[in-house]
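**Student:** mind looking at a prediction? Sequence and model below.
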Amino acid sequence: MQLVIANIHSKDGFESEMSDVLTKLAEASRHDDGCRSYRVLSDLETSTHFMTVEEWDTPQQVAEHLKTAHVAAALSALPDLAAGDPVITMHEVTSSTNLG
């Protein structure tokens, strides 16, 4: 499984617009082949900090996802909304343990 985490900071005053863009991206991405989960999180302490946490079956499916129109639309909105470039990392998860 591939875990993709993106950290994005909106410009001050653009939190609502950033939330809307990321929510639309998540809703569309959940229908992409291989997407197990796609969540948008906002930081309770820093209102301009957002994260997306995505789970994918394969790296190839992540690569195909990055070519979609909904990713292109979100990326095109970022220059007006984001305070800097997003930091996106992909992790390959080979096993997990329930801590509860």
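**Tutor:** Sure thing, it's come through.
**Student:** ok, which stretches of this structure are strands?
**Tutor:** In the chain, the segments counted as strands under DSSP state E are 2-9, 35-42, 49-56, 87-92.
**Student:** okay, the shortest one in PDB with CA atoms only?
**Tutor:** Spelled out, it's strand 87-92. C-alpha atoms of strand 87-92 as PDB (Å, rounded to 0.1, in the frame of the first residue of the first chain):
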ATOM      1  CA  VAL A  87       5.200  19.200   0.600                       C
ATOM      2  CA  ILE A  88       4.100  15.800  -0.700                       C
ATOM      3  CA  THR A  89       5.600  12.500   0.400                       C
ATOM      4  CA  MET A  90       4.800   8.900  -0.600                       C
ATOM      5  CA  HIS A  91       5.500   6.100   1.800                       C
ATOM      6  CA  GLU A  92       5.400   2.400   1.000                       C
END
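**Student:** which elements pack onto that strand?
**Tutor:** strand 2-9, helix 59-65 (3 or more C-beta pairs under 8 Å, 6 or more residues apart in numbering; DSSP states H and E). Glycine gets a C-beta too; all of them are placed from N, C-alpha and C.
**Student:** so that strand versus strand 49-56, what angle?
**Tutor:** Interaxial angle, strand 87-92 versus strand 49-56 (axes from the mean of the first three to the mean of the last three C-alpha atoms, to 10 degrees): 30 degrees.
**Student:** what pairs with strand 87-92, parallel or antiparallel?
**Tutor:** Each strand paired with strand 87-92, and its direction, by DSSP bridges: strand 2-9 (antiparallel).
**Student:** as TSV, the strands of the chain with distance to Glu15, mean neighbour count and mean pLDDT would be great.
**Tutor:** Below are those laid out as TSV (distance: least, C-beta to C-beta, whole Å; neighbours: other C-beta atoms under 10 Å; pLDDT from 0 to 100):
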stretch	distance to Glu15	mean neighbour count	mean pLDDT
strand 2-9	10	18	98
strand 35-42	8	16	98
strand 49-56	8	19	98
strand 87-92	18	11	97
